[in-house]
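1. Sequence and predicted structure are below.
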Amino acid sequence: MVFQYKRVLLVGATAGIGAAMADKLIEEGAKVIAVGRRQERLDAFVAKHGPERASGIRYDVTDRTGLDAFVSKVVETYPDLDCVFLNSGTQTAVRLTRPTEIDIDAFHREFEVNYTSIVNLTLKFLPYLEKKDSPTSLIVTGTFLSLVPAFVLPAYSASKAALRSFFECLRRQHQDFSKIKFIEILPPVVQTELHDYMGIERGRALGMPLADFTERAYAALASGKEEIIIGNLQGATPEDIELFLEKRKLLFDSLSNSLALHFQP
């Protein structure tokens, strides 16, 4: 199968998974609007692929005051936009045993990048995606750590758990009447800049090779899946993860069905 969306806004596209997926989507025929903070990387992306298929917008997802202007610029400049791919993320280790050494602003910024900013962008782009006559999608990059936290990464694990809960609620509330497809990708540890806080040599050697992940993620997107699970958690088999998610979904569906009796969309 082929990825059905033709114009993708990819937020968090200047490094790691975002940059690799932007390249892959263009390779497979989509047009990509890359969004990130580093102008030189955006310029390099456009130069690499050409302005007919690639474009770039510099925007910091934590800039809430500029959010409306950013969204307006995107939808006015690219009326054929049919896919919003929210991939921004940051990760740091936090020693909760040393509370006086914790940078509280940095802790909250991690939540803002990984969760709050994605909620903000989702809510702003939803009305636009809903109005489209053609199929549209909203994609987020999650993590296995939204299911089982890494104790040395409390801000990252908690922010991604919040994102998963929000996204499941979003999908369920739109289940019976929306044309939007809500897609969550759950990657394993992947060899990217995300782990540079460990030291570049060590951090970028950790996990699944980025090229392998990218091929598998694209294949799953092209197949039409809404929940894309790639790789595994240490100490678990693929069957363990599948059973865990199946049980979790049964519980979620049971609770959702009871609440739906009193829910007015």
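-> Thanks, I have it.

2. residue ranges of the helices in the stretch 101-250 of the chain, please?
-> For the stretch 101-250 of the chain, the helices defined by DSSP state H, counting those that start in this stretch occupy 104-111, 117-131, 154-173, 200-203, 210-223, 238-260.

3. Buried ones in the longest one, by neighbour count?
-> Using 16 or more other Cβ atoms under 10 Å as the test for burial, helix 238-260 gives 241, 256. Quick note: C-beta positions are derived from backbone N, CA and C, even for glycine.

4. Next, the angle from it to helix 154-173.
-> Put simply, helix 238-260 runs at 60 degrees to helix 154-173, going by axes from the mean of the first three to the mean of the last three Cα atoms, to 10 degrees.

5. Identify the spatial nearest neighbour of residue 134, chain neighbours not counted.
-> residue 82 (6.0 Å; Cβ to Cβ, 6 or more residues apart in numbering).

6. Can you verify my assumption that the one you found contacts residue 136?
-> Yes. Residue 82 lies in contact with residue 136 (Cβ atoms under 8 Å); the separation is 4.9 Å.

7. so what's in contact with the two at the same time?
-> Common contact partners of residue 82 and residue 136 (Cβ atoms under 8 Å, 6 or more residues apart in numbering): 5, 129.

8. Just confirm residue 2 is within a strand.
-> No. Judged by DSSP: H, G, I helix; E, B strand; the rest coil, residue 2 forms no part of a strand; its state is coil.

9. wouldn't it be in contact with residue 29 here?
-> Yes. Contact criterion Cβ under 8 Å: residue 2 and residue 29 qualify, at 7.4 Å.

10. residue ranges with poor pLDDT in this structure?
-> Scanning the chain for pLDDT under 70 picks out 193-207.

11. Please identify the residue most distant from the middle of it.
-> In the chain, the residue that sits farthest from the middle, by Cα atoms, centre = their mean, is residue 100; the gap is 31.9 Å.

12. Could you report the distance from the closest residue to residue 236 other than its chain neighbours to residue 91?
-> Leaving aside its sequence neighbours, residue 236 sits nearest to residue 244 (Cβ to Cβ, 6+ apart; 7.9 Å). For residue 244, the distance to residue 91 equals 23 Å [Cβ to Cβ, to the nearest Å].

13. I'd say residue 142 and residue 188 touch.
-> No. Between residue 142 and residue 188 there is no contact under Cβ under 8 Å: 11.4 Å.

14. ok, those two, which is more surrounded?
-> residue 142 (22 against 16; other Cβ atoms under 10 Å).

15. returning to that earlier point: thinking the residue nearest to residue 236 is in contact with residue 147, fair?
-> Yes. At 7.1 Å, residue 244 counts as touching residue 147 under the criterion of Cβ under 8 Å.

16. need the strands for the stretch 51-200 of the chain, in chain order.
-> 54-58, 83-86, 136-141, 180-186 (DSSP state E, counting those that start in this stretch).

17. Tabulate the ones you listed (TSV), appending mean neighbour count.
-> Below are the strands of the stretch 51-200 of the chain laid out as TSV (neighbours: other Cβ atoms under 10 Å):
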stretch	mean neighbour count
strand 54-58	19
strand 83-86	26
strand 136-141	23
strand 180-186	21
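
18. and residue 102, how many neighbours?
-> What residue 102 shows, counting by other Cβ under 10 Å, is a neighbour count of 14.

19. er, residue 154 actually
-> When neighbours are counted by other Cβ under 10 Å, residue 154 comes out with 18.

20. And the nearest residue to it once chain neighbours are set aside, how close does it get to residue 80?
-> Distances taken as Cβ to Cβ, 6+ apart put residue 94 closest to residue 154, at 5.3 Å, once the chain neighbours are dropped. Applying Cβ to Cβ, the value for residue 94 to residue 80 is 42 Å.

21. out of the two, which sits in the more crowded spot?
-> residue 94 (20 against 9).

22. what residues are up against that one?
-> Residue 94 neighbours (Cβ under 8 Å, 6+ apart): 102, 107, 152, 153, 154, 155.
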